[in-house]
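[1] here is a sequence with its predicted model. Questions after.
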Amino acid sequence: MKPLLILISVFLISLVSIILLSGDYNFALAARIAMSVMLLFTAIAHFVFAKGMSMMLSDFIPYKTVVIWLTGFIEIAAAIGLLIPQIRIITAWLLIVFFILILPANIYAATKQIDYQKGTFDGNGTTYLYFRIPLQLLFIVWVYLSAIIN
């Protein structure tokens, strides 16, 4: 829920700022700024809650904490890449692939009732997927419309 709130609020703040500064309604730029801020926010969680997030990965994945840190760095790189015109499109495609690849970890975490912030097994459970899967699709569409189409 927090990433969605950040995405929408930063989008609105960015859009108003762009309008006031340039007189232009650059929805795509505001959307890319919002996605970048949201990615930075979620990347921080990869370092602050690394233990709990590593519980979101299946047992067959080795070096779970390293994988979590790596995905945090990927989110930081994507946040930057979305704002650089020369690499925006390739970053967007890679980010879409990333969002698809992390969905199984979210499904696994929900089925195991993992609360990544506490590092416990008393999370929201599978009902969380009714929110998380559409949210993941929103992120994919958001990136596609703001960085690839525009």
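    Nice, I can see it. Just so it is clear, the structure is predicted and the values come from calculations on it, not from any experiment.

[2] can you map out the helices along the protein?
    2-22, 27-48, 50-54, 64-81, 88-111, 129-143 (DSSP state H).

[3] who are the packing partners of the longest one?
    Read it as helix 88-111. With contacts taken as 3 or more C-beta pairs under 8 Å, 6 or more residues apart in numbering; DSSP states H and E, helix 88-111 sits against helix 64-81, helix 129-143. C-betas here are computed from N, CA, C, even on glycine.

[4] the inter-axis angle of the last one versus helix 27-48?
    Taking axes from the mean of the first three to the mean of the last three C-alpha atoms, to 10 degrees, one finds that helix 129-143 is oriented at 130 degrees with respect to helix 27-48.

[5] the first one too?
    For the pair helix 64-81 and helix 27-48, the angle between their directions (the same axes, to 10 degrees) equals 160 degrees.

[6] next, the buried residues of helix 64-81.
    64, 67-69, 71-72, 74-79, 81 (16 or more other C-beta atoms under 10 Å).

[7] with stretch 19-30 instead?
    Counting neighbours by 16+ other C-beta under 10 Å, stretch 19-30 gives Leu29, Ala30 as buried.

[8] of all residues in this structure, which one is nearest the centre?
    Leu39 (4.8 Å; C-alpha atoms, centre = their mean).

[9] ok, it - contacts?
    Residues near Leu39 by C-beta atoms under 8 Å, 6 or more residues apart in numbering: Glu75, Ile76, Ala78, Ala79, Leu82.
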